[in-house]
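Trainee: What would the 3D arrangement of this be:
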Amino acid sequence: QVQLVESGGGLVQPGGSLRLSCAASGRTFSSNAVGWFRQAPGKEREFVASISRSGGTTYYADSVKGRFTISRDNAKNTAYLQMNSLKPEDTAVYYCAAELDGFATSQMSRYDSWGQGTLVTVSS
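Mentor: Numbers count the residues shown, from 1 in each chain. Sure, this is the predicted structure:
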């Protein structure tokens, strides 16, 4: 497995921006697809975005399309989630995850390594 550590969460006002980072160690990061998921209080964990091992393919949930951007830097073993135009409904714990085969996917079951999560709170 690969070990993942998220950072960059915090409190932001509606309309603001945050950039989350996902630092990886262990298994070769560049061979893994990476996904971001989130879980709001009292709700199930949901897909946010994913990126293939090369970075050439990305997928987004409809709720974040046009506002969030997923990227990766394989030389730094790090993936990112740039979040703009944040809304209160974006409030959640955000998790990054690694997928073994390297193909971007929204299917949570395909991811075998997970970080501990970072809290994002959007509130005035």
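Trainee: switch to C-alpha atoms for all contacts and neighbour counts from now on
Mentor: Will do.
Trainee: now the strands for the protein?
Mentor: In order along the chain, the chain carries the following strands (DSSP state E): 2-7, 10-12, 18-26, 33-39, 46-51, 58-60, 68-73, 78-83, 92-99, 111-114, 118-122.
Trainee: Can you list the strands that the first one pairs with?
Mentor: If I follow you right, that is strand 2-7. Taking DSSP bridges as the criterion, strand 2-7 sits next to strand 18-26 (antiparallel) in its sheet.
Trainee: Would you mind listing the buried residues in the partner strand?
Mentor: With burial defined by 16 or more other Cα atoms under 10 Å, the residues of strand 18-26 counted as buried are 18, 19, 20, 21, 22, 23, 24.
Trainee: what sits up against that strand?
Mentor: Defining contact as Cα atoms under 8 Å, 6 or more residues apart in numbering, one finds that strand 18-26 is touched by 1-9, 12, 77-84, 96.
Trainee: run the last query once more with 7 Å
Mentor: Outside strand 18-26, the residues within contact range by Cα atoms under 7 Å, 6 or more residues apart in numbering are 1-9, 77-84, 96.
Trainee: Provide a PyMOL selection command restricted to the buried entries of these.
Mentor: In PyMOL, selecting the buried portion of those, with burial taken from 16+ other Cα under 10 Å, looks like this:
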select buried, resi 2+3+4+5+6+7+9+77+78+79+80+81+83+84+96
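Trainee: so what's the residue nearest the centre of the chain up against?
Mentor: Within the chain, one residue has its C-alpha closest to the average C-alpha position: by Cα atoms, centre = their mean, that is residue 36, at 2.4 Å. Remark: with contacts taken as Cα under 7 Å, 6+ apart, residue 36 is in contact with 47, 48, 49, 50, 94, 95, 96, 97.
Trainee: Okay, and the beta partners of it?
Mentor: Listed by DSSP bridges, the beta-bridge partners for residue 36 are residue 49, residue 96.
Trainee: distance of it from residue 123?
Mentor: Computed as Cα to Cα, to the nearest Å, the residue 36 to residue 123 distance reads 21 Å.
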